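Colleague: fold the stuff below for me.
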Amino acid sequence: MEIVKIPRMEKEEYDRLIENGYVCRIAFQGEKFPFIAPFLYVFDGSFLYFLSTKYGKKLEYFRKSPYVSVEIEKYTKDLSSYTFVTLQGYLEEVQDSIEKKIIREKFVSLIAERKLSCNILAALGHSPMDPPATIAKEERSLVWRLVGVRDLVALKNL
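Modeller: Numbers count the residues shown, from 1 in each chain. The predicted structure is shown next:
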């Protein structure tokens, strides 16, 4: 019996997957096992950006080692159609205050454009009672950028 390999996506396809998505999973190097957490992200055409609360395991693991795998996927309910991309690189904390403000404003726009629930604000260090614009006004979270991508795997169903 012949093994059928899952086809790779072309760059235009996985760029479109990344551009159209907004939720990913990041795998950090944990103690004994990898630590995987969901994140909202924004993509500026060059970099993926994430907001991280200033507490928790993800922050601890980031400080120990910034090397991560990021996975973005899209699939239908019955899995008749699926695509995913995995990027391996490392996270760096954005330090420039102007760049951080621009990225935070992109998150505010993402929440508004995608009509996301304000409940997501709790994952970003804010109260769900806060208006989303608070993300850009206050620095309750860190801004991370994925850089140094060394490996990218992008696959789709037949």
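Colleague: can you list contacts of the one helix or strand L59 maps to?
Modeller: L59 belongs to helix 57-64 when assigned by DSSP states H and E. With contact meaning CB atoms under 8 Å, 6 or more residues apart in numbering, helix 57-64 is reached by I26, F28, Q29, G30, F35, A37, S52, T53, V68, L91, L142, W144. All C-beta spots, glycine's among them, are computed from the backbone N, C-alpha and C.
Colleague: how much space separates the second one from A133?
Modeller: What it means is F28. Spatial separation of F28 from A133 under the definition CB to CB, to the nearest Å is 30 Å.
Colleague: between the two, who's got more neighbours?
Modeller: F28 (21 against 13; other CB atoms under 10 Å).
Colleague: just the strands in this structure please.
Modeller: Per DSSP state E, the chain carries strands over the ranges 23-28, 35-43, 48-53, 67-75, 82-93, 141-156.
Colleague: which residues are in contact with V85?
Modeller: Going by CB under 8 Å, 6+ apart, V85 touches M9, Y14, L17, I18, E71, I72, E73, L152, V153, A154, L155.
Colleague: at 6 Å what do you get?
Modeller: Y14, L17, I72, A154 (CB atoms under 6 Å, 6 or more residues apart in numbering).
Colleague: repeat for V149
Modeller: Applying CB under 6 Å, 6+ apart, one finds that V149 lies in contact with L87, G89.
Colleague: go again using 7 Å as the cut-off
Modeller: Taking CB atoms under 7 Å, 6 or more residues apart in numbering as the criterion, V149 is in contact with L87, Q88, G89.
Colleague: and G21, by the same measure?
Modeller: The neighbours of G21, taking CB under 7 Å, 6+ apart as the test, are I72, K74.
Colleague: next one: the one 3 residues further on
Modeller: Remark: with contacts taken as CB under 7 Å, 6+ apart, C24 is in contact with F39, Y41, V70, E71, I72.
Colleague: at 10 Å what do you get?
Modeller: The neighbours of C24, taking CB atoms under 10 Å, 6 or more residues apart in numbering as the test, are 18, 37-41, 43, 48, 50, 70-73, 85-87, 146.
Colleague: check it and give its pLDDT.
Modeller: The predicted local confidence for C24 comes out at a pLDDT of 98.
Colleague: run through the bridge partners of the most centrally placed residue in the chain.
Modeller: In the chain, the C-alpha nearest the mean C-alpha coordinate belongs to Y41, at 3.9 Å (CA atoms, centre = their mean). Counting by DSSP bridges, Y41 is bridged to F50.
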